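Asker: Just to be clear, the model below is a prediction. Sequence and coordinates:
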Amino acid sequence: MSTLAKPPASTATFADALLTPRSIALIGASSDQKKNTSRPLRFMRQHGYTGSIYPINPAATEILGVKAYPSVAQVPHAIDHAFIMIPGKHVIGALKECAEKGIRVATIYSDGFAEAGAEGQARQEQLVAEAKKLGIRILGPNSIGTANAHTGGVLSVNAVFEMESLIQGSISLVSQSGSMMGSLLSRAAARGFGFAKSVSVGNESDISVGEVVDALVDDPQTHVILLFLETLRDTGTLTAALRRARQAGKPVIAYKLGRSEQGDALAQSHTGAIAGNNAAVDAYFDAMGVMRIEMLETLFEAAPLASRYAAARPGSRSMQAARVAVITTTGGGAASVVDSLGLRNIEAATPPLEFLRHMAARGLNIRQTPVIDLTLAATSEQYKDLLEQLLLSDWCDAVLSVVGSSAQFHPQLAVKPLIESAKPDAKPLAVFLAPEANESLKLLQQHGIAAFRTPEACADALAAFFKPVIEQTDLPSGSADLPADCPGSGNFTEVESIRAFAALGIQSAASQLLQPAHLQHAISYPLVLKVVSRDILHKTDVGGVKVNIKTDAELKKAVPELLQSVQGHRPQAKIDGVLVQKMEGHLIELMLGYRHDPLVGPTVLLSTGGIAAELMPDYAIRLAPVGLSEAHAMIKEVQHCKLINGYRGLPKGDVDGLAQAIVNISRLACVPGQPVTEAEINPLFVQAERVIAVDGVIRLKD
């Protein structure tokens, strides 16, 4: 008795099956064009997909003129990618059939999973576990799908693909929001932007944003990668992908929700309250070389700027503002964009006298002002010459052309100098069109020139472009160990924190733990008196600190007063004793914090210190660990630190010691297993010849 040969399995790589499938199964496809489930087949026929499409529907023999099959098992050919559009309760069964067929990737449009609450989360976990057992990768569930504009392979129900034709381009989009993927594609298409790939990750239960980015790095049609993010997941995979993208010269531009402070408990320390997740995400993107933008439309408008001038992005942190030469034919339009630039620490550069003389010798007289205004003062040829000379000059970092009403009514005239001028790749050129001028915008886009519809978006893109990429070459090496007698979880007392900081190389003020009945000590007066309890992180809040104790008699009186106050505020707290600490002087007080951020991992923060730390945010934050060079950059970033760096003749502090302290606390990231959740020294006193910790806490994972 003969047996039928098993149909062939897909031979596509993961990336090809995900982004460029040659054969597609549409599970749950419908011939009812009023239903979303009819759209993928209709879209692919409309946009010229030349691969094989297999509609799967047990109730139909053909759908929209294409032969249908009752199950994927009945398809006699290999299938690279399945798009599952059936009720959630049937998805696991369909997934098993896909795995038996040898399908590499399945996108699940079906909902009713993690987005639907606890029961849905349980269903999703079961789905992922089954997929791992079967060896098939899942995009979604609750994914609106993917699209390849170059092949017409639209595995999506998003109505944006109703458009008459797909504009092919070199931008690829990865979105955690399916609806926003469609919105961005439609906005971009209206401006003439073409896309290569678009991917909605849905619930991101299996295939992550990082894996999609990694696949796009190797995609020859993708030159710029855009991210629309609601959160960060699987940061390790994303980090590796972003580093590969940077090495490959493929810029990544991100729009991430969550800039405003949220009401969740970010942390028990000041560090989390000051920085929060958003600042940590900023630090993460800086370290990865990602351009994070603030305005949605900038996400695609910045793509030509990022792509064309990727090599011109600053590669090291500098406190000097970026300098932009502004040339305009509309004074008001230029003022609006210059104002927006100034809010983002970008300077409208005034041309030096030498440049004015140089241009006068070429037949064009301009004034020495921050904006070079050519309204009714120059021919098209002179405008082009000025533009080229600005792009060759060494006194500005970029050139911004602000075009007035001619952009609306005479697009060829308005943009002709911009298109025809010689544009070196070493210096960015950007354009802001003051009027609503879609034809000019499209014309500039066709020639790869970054053009912006609003002054805010223009400034947003330039600020993101000129935010330096953090490149560290002197990271500390080796692991860091906490003292063996420290607790294995929860809060450290201040005494235990002092020992841990000492193990890291951070000096603390001389101190001694006492019991209320035995107050003899060897610390010289004046003293600071503190309660010691792992149940109390913020001692000042409960009256647990007394300062400037000058004698034994004052100490004897202060101890019961302090304990009475603490017990009144926190009667359940276990008190280990009281700490007497030498009262130190300082030039300035700072806060030095470490936090294992739930989204991006270990971070280190330097800010103003004391009880005002949260009231007057002035801080610098980086991913941890950091090296000495980046620690010094952090010090320069904190305005308060100018007071110890020779500001107006004030005494200088131990800046080198401060930088070393930043490096040392950042090494908590190197503790094996990364058990440290938070650590904080507040205040950290900077003196003329040393840096000394005065108060500190450490928290381990519970």
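Answerer: Noted; the coordinates are in hand.
Asker: Now do the contacts for Ile235.
Answerer: Wrong residue type there; residue 235 is Thr, not Ile. Thr235 makes contacts with 210, 284, 599-601, as judged by CB atoms under 8 Å, 6 or more residues apart in numbering. C-beta coordinates here come from the backbone N, C-alpha and C atoms, glycine included.
Asker: and Ala131, what are its phi and psi?
Answerer: Note on Ala131: its backbone torsions stand at phi -60, psi -40 [degrees, to the nearest 10].
Asker: I'd like to know how many residues surround the residue nearest to it when sequence neighbours are not counted.
Answerer: Leaving out its chain neighbours, the residue that sits closest to Ala131 by CB to CB, 6 or more residues apart in numbering is Ile138, at 5.0 Å. Other residues lying near Ile138 total 27 when counted by other CB atoms under 10 Å.
Asker: And the one 10 residues further on, by the same measure?
Answerer: A total of 27 residues lie near Asn148 under the criterion other CB under 10 Å.
Asker: same question, Lys636
Answerer: Look at Lys636: counted by other CB under 10 Å, it has 15 neighbours.
Asker: and it, helix, strand or coil?
Answerer: Following DSSP: H, G, I helix; E, B strand; the rest coil, the label given to Lys636 is helix.
Asker: Could you do Gln472 as well?
Answerer: Put simply, Gln472 is coil when judged by three-state DSSP.
Asker: looking at it, it is touching Leu623, isn't it?
Answerer: No. Assessed by CB atoms under 8 Å, Gln472 is found out of contact with Leu623, at 9.0 Å.
Asker: Give me the more crowded residue out of the two.
Answerer: Comparing Gln472 with Leu623 by other CB under 10 Å, the one with more neighbours is Leu623, at 23 against 17.
Asker: Skipping adjacent residues, who's closest to the more buried one in space?
Answerer: Ala287 (4.9 Å).
Asker: which stretches of the stretch 301-450 of the chain form helices?
Answerer: Using DSSP state H, counting those that start in this stretch, the helices of the stretch 301-450 of the chain run over 303-308, 331-342, 353-361, 380-392, 406-409, 411-420, 438-446.
Asker: winner for burial among those?
Answerer: helix 303-308 (a mean of 24; mean count of other CB atoms under 10 Å).
Asker: what are the ranges of the strands in the stretch 401-550 of the chain?
Answerer: 429-433, 450-452, 490-491, 511-514, 527-532, 545-549 (DSSP state E, counting those that start in this stretch).
Asker: By mean pLDDT, show me the worst of the ones you listed.
Answerer: Per-stretch mean pLDDT for the strands of the stretch 401-550 of the chain is lowest at strand 490-491 (a mean of 90).
Asker: which other helices and strands contact that strand?
Answerer: Where contact means 3 or more CB pairs under 8 Å, 6 or more residues apart in numbering; DSSP states H and E, strand 490-491 is packed against strand 696-700.
Asker: Show me the contact partners of the strand it packs on.
Answerer: The contact list for strand 696-700, computed with CB under 8 Å, 6+ apart, reads 268-269, 487-492, 494, 496-498, 500-501, 508, 537, 675-682.
Asker: buried ones in stretch 648-655?
Answerer: For stretch 648-655, a neighbour-count test (16 or more other CB atoms under 10 Å) marks 653-655 as buried.
Asker: residues near the closest residue to Asp474 other than its chain neighbours, how many?
Answerer: In this structure, Asp474 finds its nearest non-sequential neighbour in Gly627, 3.4 Å apart by CB to CB, 6+ apart. Counted with other CB under 10 Å, the neighbours of Gly627 add up to 18.
Asker: now Gly627: how far from Arg313?
Answerer: Distance of Gly627 to Arg313, given as CB to CB, to the nearest Å: 21 Å.
Asker: just Val212 next, same as before
Answerer: From Val212 to Arg313 the distance is 23 Å (CB to CB).
Asker: So for the two, which sits in the more crowded spot?
Answerer: Between Val212 and Arg313, counting by other CB under 10 Å, Val212 is the more crowded of the two (29 against 19).
Asker: mind checking pLDDT for that one?
Answerer: 98.
Asker: quick check, distance from the helix or strand where it lies to the centre of its chain.
Answerer: Using DSSP states H and E, Val212 sits in helix 209-217. Distance, stretch centre to chain centre, for helix 209-217: 15 Å (CA atoms, centre = their mean, to the nearest Å).
Asker: Alpha carbons of it, as PDB, please.
Answerer: Only the C-alpha atoms of helix 209-217 are listed here, as PDB (Å, rounded to 0.1, in the frame of the first residue of the first chain):
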ATOM      1  CA  VAL A 209      10.100  44.800  17.900                       C
ATOM      2  CA  GLY A 210      13.800  44.000  18.300                       C
ATOM      3  CA  GLU A 211      13.500  40.900  16.100                       C
ATOM      4  CA  VAL A 212      11.700  42.900  13.400                       C
ATOM      5  CA  VAL A 213      14.300  45.600  13.500                       C
ATOM      6  CA  ASP A 214      17.000  43.000  13.300                       C
ATOM      7  CA  ALA A 215      15.400  41.500  10.200                       C
ATOM      8  CA  LEU A 216      15.100  45.000   8.600                       C
ATOM      9  CA  VAL A 217      18.800  45.700   9.200                       C
END
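Asker: returning to what we had before: can you redo the strands of the stretch 401-550 of the chain as CSV with distance to Leu127 and mean neighbour count?
Answerer: Output for those, formatted as CSV (distance: least, CB to CB, whole Å; neighbours: other CB atoms under 10 Å):
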stretch, distance to Leu127, mean neighbour count
strand 429-433, 46, 25
strand 450-452, 42, 27
strand 490-491, 36, 17
strand 511-514, 54, 18
strand 527-532, 50, 24
strand 545-549, 53, 16
